[in-house]
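Colleague: prediction below, plus the sequence it came from.
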Amino acid sequence: MKLVTLLVCVLILSTQLFSQQYTNSNMPVLGDSVAIRTNNDLTVFEPGEGGENVTWDFTTIKYGGEDYFNFVSPASTPFGDEFSDAVMCGVSSGESYQYYSSIMDKMEISGFGSSLDPNSNILAFFDPPINQFNLPLSFGTKQSSTYKGKYVFGGNEFPLTGTVTTEVDGKGTLITGAGTFDNVLRIHVKIAETGLAAQQVDKYLYVSEDYKFWLALHEEVSALGDINIQKWYAVNPLKISQASVSIDTEMKTLQVFPNPTDDMITINSVNSVETIQLFDVMGKMVASINLNGVTRHQMNVSGLNTGVYNVVTSSNGELTTTKFIKK
C-alpha cells in the first residue's frame, strides 16, 4: 500500500515538474521590441486544432507584411495623459497604442488610442479593465471575467460592457518562418461586447515558457458589420535569457556622445554589444544593427528628425538603454 502511495506521489510530482507554464517571467517589459511578419488575408481564419501534442505549422501561410511591437512608457506616447493608471504601452505601426494597467500576475488592458487621420482619433477606456488572463497559465486553465467601458470618436461616446473567456486549449510544437518551437501553449481568448459599437474578438495566442510575449497570433475581430483577420509571427522572439533590462540614465556602462548631436554618435559600452536599436519617443524602431561583440560603434543619425531617441543595446542576453538628443 505504501508503494502504491509513493508511486502516485511520484506521478503527481513529475506531472507538475514537466507541465509547461506561462508566467510573469514571460511577460514583456519596458524596452522590449518584437518584429513581426504579417498576413492580411481577410478571408481565412484557421488557427488550427487544440489538444495535447499538437503541431501547428504556419509555414504554409504567406507572410508578406512587416510590423513591430515596442513596449514603452505610457508618458512617452501621445495619449499617455488619458491613461494615468497605465504601467506600459504597446506600440505598433499605424499610430496604434494599447495601454496596460497590469502586466504582472495578470494582463489587463485599460484602453487604447489610435489616429484615424491627422484630425481624428479613436479612444477606448475600460474600467474595470479587460483582463485577458491571470498568471500562471498551463494547459487546461480556464478563466472568465467582465468589464465596462466606452469608445470615444467623432465627438461621441459609445458605452459598452464585455465578457472575457480564456482557455489554454492546446500544447505542443509551433513551426513558423522564425523556426520550430517546443513547449508551446495556445491561449484562446474570446471577447464579447454589448453596445452600439461593440466588437467580438476570437483570438489565439501561441506562447512558450522559453520566450517572452507571443510567438504567433491568429485573431478575428468583428465590429459594425466589418470583419478584420490578423495573422502574424514574431521574427525575433525574445528568449527568457533576454529578460534583464537596465536603464543607464547616468551612462556608467553605456555612453553615447556627442549628446546632443547633429549627425554622428559614438556608442561606448562596458560590455560586448551584439545589437543596437534606436527608438523614437513614440516607440517606433528607427534603426537596428547587428554587431559581433564590439564595445564601440559609430552611427550616422543625420537622417533622423529632431528629438529624443532611446538607444537599446543587447549584451549577453541583457538589454541596456539610454537616451540621446538629435538636434
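Modeller: Sure thing, it's come through.
Colleague: just the CA coordinates for stretch 124-144, please, in PDB.
Modeller: Extracted in PDB, the C-alpha atoms of stretch 124-144 (Å, rounded to 0.1, in the frame of the first residue of the first chain):
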ATOM      1  CA  ALA A 124     -11.300  53.300 -25.700                       C
ATOM      2  CA  PHE A 125     -11.500  53.300 -22.000                       C
ATOM      3  CA  PHE A 126     -12.100  50.200 -19.800                       C
ATOM      4  CA  ASP A 127     -13.000  50.400 -16.100                       C
ATOM      5  CA  PRO A 128     -12.700  47.800 -14.800                       C
ATOM      6  CA  PRO A 129     -10.100  46.900 -17.400                       C
ATOM      7  CA  ILE A 130     -10.100  44.000 -19.900                       C
ATOM      8  CA  ASN A 131      -8.500  41.100 -18.000                       C
ATOM      9  CA  GLN A 132      -7.200  38.800 -20.800                       C
ATOM     10  CA  PHE A 133      -5.800  36.300 -18.200                       C
ATOM     11  CA  ASN A 134      -4.400  35.700 -14.800                       C
ATOM     12  CA  LEU A 135      -1.000  34.100 -14.400                       C
ATOM     13  CA  PRO A 136       0.400  31.500 -14.300                       C
ATOM     14  CA  LEU A 137      -1.200  29.700 -17.200                       C
ATOM     15  CA  SER A 138      -0.900  26.000 -18.100                       C
ATOM     16  CA  PHE A 139      -2.700  23.500 -20.300                       C
ATOM     17  CA  GLY A 140      -6.400  23.200 -19.300                       C
ATOM     18  CA  THR A 141      -6.600  26.600 -17.500                       C
ATOM     19  CA  LYS A 142     -10.000  28.200 -17.800                       C
ATOM     20  CA  GLN A 143     -10.900  31.800 -16.700                       C
ATOM     21  CA  SER A 144     -13.600  34.300 -17.200                       C
END
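Colleague: what comes up buried for that stretch?
Modeller: 124-126, 129-133, 135, 137, 139, 141, 143 (16 or more other C-beta atoms under 10 Å). (Each C-beta comes from the backbone N, C-alpha and C, glycine too.)
Colleague: swap in stretch 313-327?
Modeller: Buried, per 16+ other C-beta under 10 Å, within stretch 313-327: Thr313, Ser314, Ser315, Leu319, Thr320, Thr321, Thr322, Lys323, Phe324, Lys326.
Colleague: contact partners for Arg186?
Modeller: Arg186 is in contact with 47-48, 50, 54, 56, 168-171, 204-207, counting by C-beta atoms under 8 Å, 6 or more residues apart in numbering.
Colleague: how does it look with 10 Å?
Modeller: Going by C-beta atoms under 10 Å, 6 or more residues apart in numbering, Arg186 touches 47-51, 54, 56, 139, 167-172, 174, 204-207, 216, 218.
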